[in-house]
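[1] Quick one: sequence and predicted model below, then my questions.
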Amino acid sequence: MARKKLLKKDLAGYKKLIVKRKGEVMEELQHIKDDTLNQSQRDAAGDISAYTLHMADIATDSYDREFSLGIASSEQKVLYEIEDSLKRIEDGTYGFCESCSKPIAKTRLNVVPYTRLCKKCQEKLEKR
């Protein structure tokens, strides 16, 4: 079955959306790095005294750090998907489901321009 590729105009629009999202993800990762990973617990808590931190403060700071690392991990996965979608644009496979090979609906691509799967295949994956 021959697959009908997206128009160059459409591809350019999706590429623009993807590059914009990439910038947002990179900015978020930099923000997490600056605010969480490059600070000691004392700096993050704003404590400039020589006294030790209270155990509850340490637990809260640890939770906040772990939460930020979780967000950074998710953003890193999105960044990987974004990079891969840019490669798919270049090689002509962008806009087709990697599972069923059918075209991905433009409405889905507008919402998640770096998606690999059509809505139906994504739902099947999430049910597993």
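    Looks like it came in fine.

[2] Scan the chain for its longest helix.
    helix 55-91 (DSSP state H).

[3] helices or strands next to that helix in the packing?
    Here helix 55-91 touches helix 8-32, helix 41-45, going by 3 or more Cβ pairs under 8 Å, 6 or more residues apart in numbering; DSSP states H and E. Just so you know, the C-beta spots here come from the backbone N, C-alpha and C atoms, and that holds for glycine as well.

[4] would TSV of those helices with mean neighbour count and distance to Cys121 be doable?
    Listed next are these as TSV, based on neighbours: other Cβ atoms under 10 Å; distance: least, Cβ to Cβ, whole Å:
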stretch	mean neighbour count	distance to Cys121
helix 8-32	14	19
helix 41-45	15	42
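
[5] before we move on, back to that, pLDDT (mean, whole number) over the longest helix of the chain?
    Helix 55-91 shows a mean pLDDT of 87.

[6] repeat for stretch 105-121
    Stretch 105-121 shows an average pLDDT of 95 in the prediction.

[7] what does it rub up against?
    By Cβ atoms under 8 Å, 6 or more residues apart in numbering, the surrounding residues in contact with stretch 105-121 are 10, 14, 17-18, 21, 78, 81-82, 84-85, 95, 97-100, 102-104, 122, 125.

[8] One more pass at 6 Å, please.
    14, 17-18, 81-82, 85, 97-100, 102, 104 (Cβ atoms under 6 Å, 6 or more residues apart in numbering).

[9] ok, and the most crowded of the residues you listed?
    Ranked by neighbour count (other Cβ atoms under 10 Å), the contacts of stretch 105-121 have Ser85 at the top, with 25 neighbours.

[10] what about it, distance to Arg128?
    23 Å (Cβ to Cβ, to the nearest Å).

[11] and if you look at Thr36?
    33 Å.

[12] where's the most centrally placed residue in the chain relative to Asp61, distance?
    The chain has Val78 as the residue nearest its centroid, 2.3 Å off, counting by Cα atoms, centre = their mean. According to Cβ to Cβ, Val78 stands 26 Å off from Asp61.
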